[in-house]
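Q: Here's my sequence, what's the structure:
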Amino acid sequence: MGADLEQLQAALGYRFLDQALLRRALSHSSHVHERGSPEAQALGDNEQLEFLGDAVLGFVISEELVARFPAYSEGRLSKLRAYLVSASHLYKTAVRLALGEYLLLGRGEEMTGGRTKRTLLADALEALIAALYLDGGLEAARGFVRRFVLGGGPPDSLEEILARPLTDYKSALQELAQSRRLAAPLYVLVHEEGPHHERTFTVEARVGREWLARGTGLSKKSAAQNAARALLERLQASPAR
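A: The predicted structure follows:
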């Protein structure tokens, strides 16, 4: 790790009561697998924290948007939320915090530029949000999201964000399925391959028994989005029954 955690905590304006939680949030799986030491194994990687952080982030962003924009429709709020929780926006936030400097990586990941990889940084930011939640409760996580993810408001003008092309294909697929009275979309991880630090995932999206499509990506999230996009295009090309 190239930087002192004291520097990171000073930048966050928050000091962890449990420093192990912070270290875990910054620990990529490659670090744990390559080290293999009892200490590294006991610490664990940040994958479960990423899962929790994703949920906490979605809740806080939804809460903030409803409070800030009470007159907005569900569709407008959903599009703003999709942007603010997107991997691209989280990556930019992580870069502003220089989060890559603090990551604990295995040698292979380090040598392949892991400190600047978009997926690793976005995932680490979600794990950091979970660590803040577990260490200081919802207020600690909410304070971080307000300051760093939302800032004083959405990062660009609202109209600019709302005018952007749709990128949340999972939400769009769900809305289309509901409008056609179809079953809710289901997503299943069907395949993964490649070394641990360069794994490719394949996810299958399914709506009922008839409609299905697959998508691949460098993360499960991107693979699910690609599968949703493919299935959305199939449904849009088919006349409603």
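Q: so is residue 187 in a helix, a strand, or just coil?
A: strand (DSSP: H, G, I helix; E, B strand; the rest coil).
Q: elements contacting the helix or strand hosting residue 94?
A: For residue 94, the host element (DSSP states H and E) is helix 87-96. With contacts taken as 3 or more Cβ pairs under 8 Å, 6 or more residues apart in numbering; DSSP states H and E, helix 87-96 sits against helix 118-144. Any C-beta I mention is one placed from the backbone N, CA and C, and that applies to glycine too.
Q: Where does pLDDT dip in this protein?
A: By pLDDT under 70, the low-scoring segments of the chain are 1-3, 33-43, 152-167, 197, 239-241.
Q: Domains in it, by residue range?
A: 5-162, 169-237 (automatic domain parsing).
Q: need those domains in a markdown table with mean neighbour count, can you?
A: Shown next, in a markdown table, are the domains of the chain (neighbours: other Cβ atoms under 10 Å):
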| stretch | mean neighbour count |
| --- | --- |
| domain 5-162 | 18 |
| domain 169-237 | 17 |
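Q: Can you tell me what sits against stretch 49-62?
A: Around stretch 49-62, the neighbours that count as contacts under Cβ atoms under 8 Å, 6 or more residues apart in numbering are 24-25, 77, 81, 84-85, 123-131, 133-134, 138, 141-142, 145-146, 149-150.
Q: repeat that for 7 Å
A: Applying Cβ atoms under 7 Å, 6 or more residues apart in numbering, the contact partners of stretch 49-62 are 24-25, 81, 84-85, 123, 126-131, 133, 141-142, 145.
Q: Same check on stretch 185-198?
A: Applying Cβ under 7 Å, 6+ apart, the contact partners of stretch 185-198 are 29-30, 33, 106, 108-109, 112, 173-174, 177, 199-207, 214, 220, 224, 227-228.
Q: Now, those that are in strands?
A: 200, 201, 202, 203, 204, 205, 206, 207, 214 (DSSP state E).
Q: Residue 231 sits in which helix or strand?
A: helix 220-237.
Q: ok, residues contacting that helix?
A: Helix 220-237 has contacts (Cβ under 7 Å, 6+ apart) with 87, 169-170, 172-173, 176, 185, 187, 189, 201-205, 207, 211-217.
Q: Kindly recompute the last result at 8 Å.
A: With Cβ under 8 Å, 6+ apart as the test, helix 220-237 has contacts from 87, 119, 167-170, 172-173, 176-177, 180, 185, 187, 189, 201-207, 211-217.
Q: Centre of the chain to it, how far?
A: Centre-to-centre, helix 220-237 and its host chain are 18 Å apart (Cα atoms, centre = their mean, to the nearest Å).
Q: Can I get that helix in CSV, CA atoms only?
A: Written as CSV, here are the backbone C-alpha positions of helix 220-237 (Å, rounded to 0.1, in the frame of the first residue of the first chain):
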residue,chain,number,x,y,z
LYS,A,220,-21.0,-9.4,-12.5
LYS,A,221,-22.7,-6.0,-12.6
SER,A,222,-21.6,-5.1,-16.1
ALA,A,223,-22.4,-8.6,-17.3
ALA,A,224,-25.9,-8.3,-15.9
GLN,A,225,-26.4,-4.8,-17.5
ASN,A,226,-25.2,-6.2,-20.9
ALA,A,227,-27.6,-9.2,-20.6
ALA,A,228,-30.4,-6.8,-19.7
ARG,A,229,-29.6,-4.6,-22.7
ALA,A,230,-29.6,-7.6,-25.1
LEU,A,231,-33.0,-8.8,-23.7
LEU,A,232,-34.4,-5.3,-23.7
GLU,A,233,-33.6,-5.0,-27.4
ARG,A,234,-35.2,-8.3,-28.2
LEU,A,235,-38.4,-7.3,-26.4
GLN,A,236,-38.5,-3.9,-28.0
ALA,A,237,-38.2,-5.5,-31.4
